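Peer 1: 3D model of this:
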Amino acid sequence: MAASTHRGEDEIILQAFGQIKQQLDNALLVLVPRHPERFDQVGELCTSAGFTLARHSAGDKVEAADVLLGDTMGELMVFFGACDVAFVGGSLVATGGHNMIEPAAWGVPVLTGPHLFNFTEASQLLLAADGMLVCNDGAELAEQCIALLGNKERRQEMGNAARLVAEANRGALDKLMSVIDRFI
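Peer 2: All right, here's what the predicted structure looks like:
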């Protein structure tokens, strides 16, 4: 799965997916762009890259598809719960990344790009626990996906490590509110 992708990342992800498909012919990419106004454009990128496309919004069957376009709102967590490996977007381009705790909470190994300045603490915790890997480009993304998809034990170890980080950091809003209450 590639979640919350931004302009400029989709092409990198699709190129990496092409490399993945060479090794793992039955791989399915669930691609979820960050902004709904990009759904159609990203769908066109998928087909122009030579992939068969299924659109979630149309209820298309995924059996014959290479890419499932997550072109609906409010279902990202469900997609995270169903995937084997999650790439969190906004990180291969200098956007700063997105919330990698969401897939971690499902016990899914997290892959990300190098631009993580919006989630510095969460990324440091996941990296230190070995629940996340940083991929600097599409080639590394493909390489890490192929390695993880081919090694169930490693995938489970990383997923468990990611889940433990998410569990250890639950309740942040309650903690913040209690600090604020002391000053009000």
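Peer 1: mind saving the C-alpha coords of the longest helix seen in the chain as CSV?
Peer 2: Longest helix of the chain, by residue count under DSSP state H: helix 152-168. These are the backbone C-alpha positions of helix 152-168, laid out as CSV (Å, rounded to 0.1, in the frame of the first residue of the first chain):
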residue,chain,number,x,y,z
LYS,A,152,6.9,-13.3,6.4
GLU,A,153,8.9,-13.6,9.6
ARG,A,154,10.7,-10.3,9.1
ARG,A,155,7.4,-8.6,8.1
GLN,A,156,5.8,-9.9,11.3
GLU,A,157,8.8,-8.8,13.5
MET,A,158,8.7,-5.3,12.0
GLY,A,159,4.9,-5.1,12.3
ASN,A,160,5.0,-6.2,15.9
ALA,A,161,7.7,-3.6,16.7
ALA,A,162,5.6,-0.9,15.0
ARG,A,163,2.5,-1.9,16.8
LEU,A,164,4.3,-1.8,20.2
VAL,A,165,5.4,1.8,19.5
ALA,A,166,1.9,2.8,18.6
GLU,A,167,0.5,1.2,21.7
ALA,A,168,3.1,2.8,24.0
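Peer 1: Remind me what it packs against, helices and strands.
Peer 2: For helix 152-168, the packing partners by 3 or more C-beta pairs under 8 Å, 6 or more residues apart in numbering; DSSP states H and E come out as helix 101-105, helix 120-129, strand 132-134, helix 138-149. Heads up, the C-betas are built off the backbone N, CA and C, glycines and all.
Peer 1: which residues sit against it?
Peer 2: 84-85, 101, 103-110, 122, 125-126, 129-133, 147-149 (C-beta atoms under 8 Å, 6 or more residues apart in numbering).
Peer 1: Below-threshold pLDDT in the protein: ranges please.
Peer 2: Where the chain drops to pLDDT under 70, the residues are 172-173, 176-177.
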